[in-house]
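Undergrad: take a look and give me a structure for this.
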Amino acid sequence: QVLLVESGGGLVQAGSSLSLSCAASGPRFSTYSMGWFRQAPGKEREFVAAVNWSGGLPHYAGSVKGRFTILRDNANKTVNLLMTELKPEDTAVYYCAAGSWDQIVGGRADYRGQGTQVTVSS
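TA: Residues are numbered from 1 along each chain as shown. As a prediction, the model looks like this:
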């Protein structure tokens, strides 16, 4: 089992940067691919970013590529999402997720956190 707790959300202006953090617990954390999803009001949950078990092969949704960076630290069991050049359309609840690579890039997961709200004002 993996327990995931997100933090770092908030209200920012368009063009700003924000960093989300996911703290994980559980003995098998380093065996999972990790990722971030988001869900905006009235919309389905969507994939944002993924990283494999070793921290390599970062993969991003087209809408965030070049603006967001996913970083993994197995020693500290954390996964961070560095978000720059934020846009109002980035407003959503952001979720940390753990699962297989195919699950994560497909927007699914074995484990998911409770989420943290990110609001970008124009």
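
Undergrad: where does the nearest residue to residue 16 once chain neighbours are set aside sit: helix, strand or coil?
TA: Leaving out its chain neighbours, the residue that sits closest to residue 16 by C-beta to C-beta, 6 or more residues apart in numbering is residue 86, at 5.3 Å. Where C-beta positions appear, they are placed from N, C-alpha and C, glycine not excepted. With DSSP: H, G, I helix; E, B strand; the rest coil as the basis, residue 86 sits in coil.

Undergrad: wait, residue 37 sits on residue 45?
TA: Yes - counting by C-beta atoms under 8 Å, residue 37 touches residue 45, with 5.2 Å between them.

Undergrad: just want the most central residue of this structure.
TA: Nearest to the mean C-alpha position of the chain, by C-alpha atoms, centre = their mean, lies residue 36 at 2.3 Å.

Undergrad: so what strands line up beside the host helix or strand of it?
TA: Assigned by DSSP states H and E, residue 36 belongs to strand 33-39. Its sheet considered, strand 33-39 pairs with strand 46-51 (antiparallel), strand 92-99 (antiparallel) by DSSP bridges.

Undergrad: what sits up against that strand?
TA: By C-beta atoms under 8 Å, 6 or more residues apart in numbering, the residues outside strand 33-39 that reach it are 20, 22, 24, 45-53, 70, 72, 79, 81, 90, 92-101, 103-105, 107, 109, 112, 115, 118.

Undergrad: stretch 114-122 now?
TA: 5-14, 16, 18, 20, 38-39, 83, 86-95.

Undergrad: rerun at 10 Å
TA: The contact list for stretch 114-122, computed with C-beta atoms under 10 Å, 6 or more residues apart in numbering, reads 4-16, 18, 20-22, 37-40, 45, 81, 83, 86-96.

Undergrad: for residue 102, see how far away residue 27 is.
TA: 23 Å (C-beta to C-beta, to the nearest Å).

Undergrad: repeat that for residue 58.
TA: The gap separating residue 58 from residue 102 is 16 Å, by C-beta to C-beta.

Undergrad: between the two, which one's more packed in?
TA: Counting neighbours by other C-beta atoms under 10 Å for residue 58 and for residue 102 shows that residue 58 has the greater number, 16 against 9.

Undergrad: I'd assumed residue 64 was in contact with that one.
TA: No - checked against C-beta atoms under 10 Å, the pair residue 58 and residue 64 is beyond contact range at 11.2 Å.
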